[in-house]
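Q: just the structure for this:
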Amino acid sequence: MEPMLTLHPDEARLAEKTRLPRLVTVVDTPFGAMTLVERGPYLSEARLSQDVREGETLTRTPLLARAAEQLAAYFAGERTAFDLPLAPLGTPFQHRVWQTLLREVPFGQSISYGELAKHCDNPAGARAVGMANHHNPLAILIPCHRVLGANGGLVGYGGGLPVKRFLLTLERVPFRP
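A: Coordinates of the predicted model:
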């Protein structure tokens with residue numbers, strides 16, 4: 001089994017506070033371009049589009065290259081987990097939701113919003129969990145695409161339901177269309 005990803009929330013806040021540069025690369029995926037963002041020694045964003053913003057430097061660092069290689073292997077069906085240093089910017093609750101996703105929902109499995117809320121010690125917080133997923137800046141790497149509606153159906157995804165359907169099919173996760 002490959003190492004589990006760990007989030008570094010303090011590093012994300014420090015990167016924002018000290019205005020560490022945003023280094024970016026754009027990679028091809030089966031559903032279009034994806035923009036990877038590095039801040040300091042961490043990956044901080046994975047945008048489901050070609051989205052290089054003002055003030056960002058387009059480059060290919062060792063970390064961005066490693067992330068691109070791991071994503072390519074994932075899309076080729078050769079990788080089921082990632083081994084990258086992550087520092088997404090978010091609230092303490094968002095980090096709790098994202099870390100729970102990483103810990104509780106491995107490749108090929110799914111969870112409902114309500115179940116995820118229970119795992120986050122917030123049994124009535126399905127909507128709050130949904131909002132945390134909506135604000136997930138590391139699409140695919142933090143697998144919010146594995147969260148389904150209570151009936152196992154596809155609901156909500158920042159990258160759109162076709163991308164969510166593609167990712168779940170790639171991972172062979174059963175879902176209701």
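
Q: Ala124: what's it in contact with?
A: With contacts defined as C-beta atoms under 8 Å, 6 or more residues apart in numbering, the neighbours of Ala124 are Ala117. All C-beta spots, glycine's among them, are computed from the backbone N, C-alpha and C.

Q: then Ala73?
A: Applying C-beta under 8 Å, 6+ apart, we find Ala73 in contact with Arg79.

Q: which helix or which strand is home to it?
A: Using DSSP states H and E, Ala73 sits within helix 62-75.

Q: list the buried ones in that helix?
A: Across helix 62-75, burial judged by 16 or more other C-beta atoms under 10 Å covers Leu63, Leu64, Arg66, Ala67, Ala68, Gln70, Leu71, Tyr74, Phe75.

Q: and what of stretch 134-141?
A: Applying 16+ other C-beta under 10 Å to stretch 134-141 flags His135, Asn136, Pro137, Leu138, Ala139, Ile140, Leu141 as buried.

Q: can you check stretch 143-158 too?
A: Pro143, Cys144, His145, Arg146, Val147, Leu148, Gly149, Leu154, Val155, Gly156, Tyr157, Gly158.

Q: what sits up against it?
A: 48, 98, 101-102, 105, 107, 109-114, 116, 129-130, 133-134, 136, 139, 159, 161, 163-165, 167-168, 171, 173-177.

Q: which of the buried residues of stretch 143-158 fall in helices?
A: Nothing among the buried residues of stretch 143-158 maps onto helices, per DSSP state H.

Q: filter those residues down to just the ones in strands.
A: In strands, judged by DSSP state E, the following of those are found: Val147, Leu148.

Q: closest to Glu54 out of the buried residues of stretch 143-158?
A: Gly158 (21.4 Å; C-beta to C-beta).

Q: follow-up on the earlier one: turn the buried residues of stretch 143-158 into a markdown table, including distance to Thr57.
A: What follows is the buried residues of stretch 143-158, written out as a markdown table (distance: C-beta to C-beta, whole Å):
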| residue | distance to Thr57 |
| --- | --- |
| Pro143 | 28 |
| Cys144 | 27 |
| His145 | 29 |
| Arg146 | 32 |
| Val147 | 33 |
| Leu148 | 37 |
| Gly149 | 40 |
| Leu154 | 36 |
| Val155 | 36 |
| Gly156 | 32 |
| Tyr157 | 29 |
| Gly158 | 24 |
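
Q: shaky segments in the chain?
A: 1-5 (pLDDT under 70).

Q: got the domain ranges for it?
A: According to automatic domain parsing, the chain comprises the domains 9-75, 92-170.

Q: tell me which of those domains sits nearest to Ala81.
A: By C-beta to C-beta (comparing all of these), the closest turns out to be domain 92-170, at 6.2 Å.

Q: that closest one spans what distance, first to last residue?
A: One end of domain 92-170 to the other measures 31 Å (C-alpha to C-alpha, to the nearest Å).
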